[in-house]
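>>> attaching a predicted model along with its sequence, questions to come.
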There are 2 protein chains.
Amino acid sequence: MRLPLLLVALILCGTIFYAQSEDEKQIKALYDAALTNGKAYDWLNHLSNQIGGRLSGSVQAQQAVDYTKGQLDSLGLDRVWLQPVMVPKWVRGTPEFAYIETKPGLTTNVPICALGGSVATPDGGLKANIIEVQGIEELEKLGTENIEGKIVFYNRPMDPTKISTFAAYSGCVDQRYSGAAEAAKFGASGVIVRSMNLRLDDYPHTGSMGYGDTPVENRIPAAAISTEGAELLSTTLKLNPNIKFYFKQNCKQFPDVESYNVIGEIKGSTHPEEIMVVGGHLDSWDLGDGSHDDGAGCVQSMEVLRLFKKTGYRPKRTLRVVLFMNEENGLRGGNKYAEVAQNKNEQHVFALESDSGGFTPRGFSFDCSEENLKQIQSWKPLFEPYLIHMFVEGYSGADIGPLKGQGLVLAGLRPDSQRYFDHHHAENDTFEHVNKRELELGAATMASLVYLIDKYGTIPQKQIKG
Amino acid sequence: MRLPLLLVALILCGTIFYAQSEDEKQIKALYDAALTNGKAYDWLNHLSNQIGGRLSGSVQAQQAVDYTKGQLDSLGLDRVWLQPVMVPKWVRGTPEFAYIETKPGLTTNVPICALGGSVATPDGGLKANIIEVQGIEELEKLGTENIEGKIVFYNRPMDPTKISTFAAYSGCVDQRYSGAAEAAKFGASGVIVRSMNLRLDDYPHTGSMGYGDTPVENRIPAAAISTEGAELLSTTLKLNPNIKFYFKQNCKQFPDVESYNVIGEIKGSTHPEEIMVVGGHLDSWDLGDGSHDDGAGCVQSMEVLRLFKKTGYRPKRTLRVVLFMNEENGLRGGNKYAEVAQNKNEQHVFALESDSGGFTPRGFSFDCSEENLKQIQSWKPLFEPYLIHMFVEGYSGADIGPLKGQGLVLAGLRPDSQRYFDHHHAENDTFEHVNKRELELGAATMASLVYLIDKYGTIPQKQIKG
């Protein structure tokens, strides 16, 4: 039987309209549950205030594994398990100390902290002349004759005109990550890096650095200085380029230790073989309590599964929460998860990471095919009542990145970024700077996207390429 | 000469493209100037930390008038002046005090504050039985027999499922504003209102209330209780409905005093008779320092004019900043400004208010004709690089509301609202809760809209109606 065209159109419209309403209803149920009865904030309170900073290999990291596994166990998921992974263990040791010496005996203390992975200074500290540069590319011009024996002070600030503070971060972070390895090539004795912070304040911000192929005997200590400290140092240097800088840090790298990714899942009702991942990273830096980076992303991801249970929605595909270990200084958890997935021939169709802070969600960025992006963007109107507007192509997340080869849709939650680098990797990344509603809105926004992905599926990338 | 259609199309496209690029450039210049060289944050620092809460009629309100006039004077505007206006003077007096008495001698203190405009309690305070209601409409059902002599406790919370916290506020604030007048009709002896706050904490939130036509001798004292206090009181009442509540407050209404709206303007280069207003209100409640409500809106409005000067853009229309006095408990400044404008036959084409906190801007709401809204919405793509997405019909602002009759486009800046009611009218509305970049982004967003309105003009409403 051939239906008249108008009738077909009416049926199609009807179907679309019906589906739309059902989606609206389910999304509203997810937001309502998160905002009236959420667990994310309580979980974060525990992670932040009862456990604290969770650097890989630390007692606190293990406590966080135990705690989150216990909480996932209590949600009535189909399966909860720990995935072993060897992680680096770097320890800060006693607090760092630094001063500017304008002339012998005339010193001003400045706040610093060792960069993660740095070697210690000699036992008595390191004192040397210091030379300011605006970036790695200046080293070549200055040459060994101007650098040898000195401390190199990287002082290129984050660009305040970038609306995304992550773009401003990207424009500077090479100084922190590679600054020491590059300066060592020119005989520098140490490295001081302006903190990755748009605000002027007294908090030094740590973060990972690497020595690349620098031989062990040539590795030089590297520390971050607070932005106010950097301004002071720069001004002092302008007045007198012959000042000395002293710093002492006692950090140390230990052999790798065993740790875990924490994983829980709800088995898919009709396509259990198709796996959707939501996750954040359970480790954090040691200075604060890791509330925004990335306690927030962990509890939001756990909340996604809880919201599904709470609203009585059983996913058709398997939904997995993964709390990755060691994002900050190794990415071992993310790599291990992808490796195991590949070895087991698991079929991942979607992975969503929240690792940009627990601020008001603005949308998502997607690392996927154009066809998938188009499908996802067609869902935008469903999110607008919740003031979620960003559905752009872009970066997803560090921990889910290693899954990329497996032909899936990768996504990152994009919260408002303005305050993120006020706290990132610093002593003031603490619970009181997370707003309960903002955190909950993020969890509901993630759950809503997962719901739509589950319901409508993704377009397999291989099929697209083929 | 008739041009071939294709040529016309090309010329039009060219014009549009050119105009677009110029707009993009000017808007980027405004954002860059605000983010690299803004003054708003410094001004707010002074208003908040050197002056503090600026309740109408207070010394601090006068200091704020003097300070902002001085700052506007220094900007090289074409004219800066004070517009006199008589304002109410209500004074809180010594700190309020309250407790729950479960049995004689067994008391628990709870944090309260007098509502603005309330009468004092008797000198020795007021102690009475207390009855909880979820809203004014319950009074009728309870009737005088259940209310007479008692304190009425309004405890309807803000609805956490509303994404706009202002919508949640609207759904509750009648309890605060009219609760006392309504309860007095049933013989209540006083009123305690749950603070307008979505968060559970210990800050009572003040705000205006009115007695309507309640005769002076029947006016009963009204106070806000913190949300944690409200929860405690409600639970205690469930356990024992016969508990007593005691509170003492010493507030007093004085005769009106003279104050000022602070006004500055840049004369329009080609349409000086067409006036565009940007503004916020200079007065604030007395508990905090009024940083978000509405120091932020004042300094953002001042910044709009400074950004125009800084970027060398001379508006075609007259651009006026108005810092309105007495929004919080009288709206006398807004009314006076509109009255003078009408008396002088001034032609206002546009007014934009920022009075929703100094948080990340999300867009605007507009109270204007459909044609004007359509024109404004056509500019949306220019704002998207700055993550400004909301261009909706809606409320503009209290102070500019009285201009409405004059057939202009009214607009309100819409920042992210999630944290606003954590601070609104409470002791913790303080400078450290304002983020510099968020504040600056708001100012640049306002300036960009004013720039477009100035450049393209508005469609006169009378013309539309006719």
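Arrived safely. Residues are numbered from 1 along each chain as shown, chains lettered A, B, ... in the order given.
>>> could you check how far residue A:404 is from chain B?
Between residue A:404 and chain B the distance is 26 Å, computed by CB to the nearest CB, to the nearest Å. Yep, even glycine has a C-beta here, placed from its N, CA and C like the rest.
>>> residue nearest the centroid of chain A?
residue A:355 (3.7 Å; CA atoms, centre = their mean).
>>> which SS class is that residue?
Put simply, residue A:355 is coil when judged by DSSP: H, G, I helix; E, B strand; the rest coil.
>>> residues in contact with it?
A:280, A:281, A:293, A:294, A:297, A:327, A:397, A:398, A:399, A:412 (CB atoms under 8 Å, 6 or more residues apart in numbering or on different chains).
>>> tell me the pLDDT at it?
According to the prediction, residue A:355 has pLDDT 98.
>>> pull the contacting residues for residue A:97.
Neighbours of residue A:97 in contact, by CB under 8 Å, 6+ apart: A:109, A:112, A:125, A:247, A:248, A:249.
>>> burial count for residue A:71?
Neighbour count for residue A:71, taken as other CB atoms under 10 Å in any protein chain shown: 20.
>>> identify the residue spatially nearest to the closest residue to chain B within the stretch 251-400 of chain A, adjacent ones excluded.
In the stretch 251-400 of chain A, no residue comes nearer to chain B than residue A:389, which is 4.0 Å away by CB to the nearest CB. Spatial nearest neighbour of residue A:389, chain neighbours left out: residue B:389 (4.0 Å); criterion: CB to CB, 6 or more residues apart in numbering or on different chains.
>>> number of nearby residues for residue A:425?
The burial count for residue A:425: 29, using other CB under 10 Å.
>>> ok, it touching residue A:197?
No. At 9.1 Å, residue A:425 does not count as touching residue A:197 under the criterion of CB atoms under 8 Å.
>>> which residues do those two both contact?
Common neighbours of residue A:425 and residue A:197 (CB under 8 Å, 6+ apart) are residue A:205.
>>> next up, the contacts around residue A:124.
If you count contacts by CB under 8 Å, 6+ apart, residue A:124 has them with residue A:248.
>>> tell me the secondary structure at it.
coil.
>>> now the phi/psi pair for it, please.
phi -90, psi 10 (degrees, to the nearest 10).
>>> now do residue A:168
phi -60, psi -40.
>>> also residue A:415?
phi -80, psi 170.
>>> bridge partners for it, pull those for me.
residue A:361 (DSSP bridges).
>>> any idea of the pLDDT on it?
For residue A:415, the predicted pLDDT is 98.
>>> thinking again about what came up before, taking the contacts of residue A:355 together, which two end up most distant?
A:293 and A:412 (13.7 Å; CB to CB).
>>> one step back: looking at the contacts of residue A:97, which are in strands?
With strands taken from DSSP state E, the overlap with the contacts of residue A:97 comprises A:109, A:112, A:247, A:248.
>>> show me which of the residues you listed are buried.
A:112, A:247, A:248 (16 or more other CB atoms under 10 Å in any protein chain shown).
>>> tell me which of these is nearest to chain B?
Nearest member of these to chain B, counting by CB to the nearest CB, is residue A:112, at 23.6 Å.
>>> wait, doesn't the closest one sit right on residue A:96?
Yes. Contact criterion CB under 8 Å: residue A:112 and residue A:96 qualify, at 5.1 Å.
>>> what touches both of the two?
With CB under 8 Å, 6+ apart as the test, residue A:112 and residue A:96 both reach A:223, A:247, A:249.
>>> for the stretch 251-400 of chain A, what lies in contact range of chain B?
A:360, A:362, A:385, A:386, A:387, A:389, A:390 (CB under 8 Å from any CB of the partner chain).
>>> what do you get if the cut-off is 6 Å, keeping everything else the same?
A:360, A:386, A:389 (CB under 6 Å from any CB of the partner chain).
>>> neighbour-wise, which of these leads?
Neighbour max across these (other CB under 10 Å) = residue A:360, 24 neighbours.
>>> residues near residue A:30, how many?
When neighbours are counted by other CB under 10 Å, residue A:30 comes out with 26.
>>> how near is residue A:45 to residue B:206?
Look at residue A:45 and residue B:206: by CB to CB, to the nearest Å, they are 29 Å apart.
>>> these two: who's more crowded?
A direct count of neighbours by other CB under 10 Å for residue A:45 and residue B:206 places residue B:206 higher, at 31 against 16.
>>> so what's that one up against?
By CB atoms under 6 Å, 6 or more residues apart in numbering or on different chains, residue B:206 lies in contact with B:113, B:115, B:116, B:224, B:285, B:287, B:425.
>>> how about the third one, phi and psi?
Residue B:116 adopts backbone torsions of phi -70, psi 120, taken as degrees, to the nearest 10.
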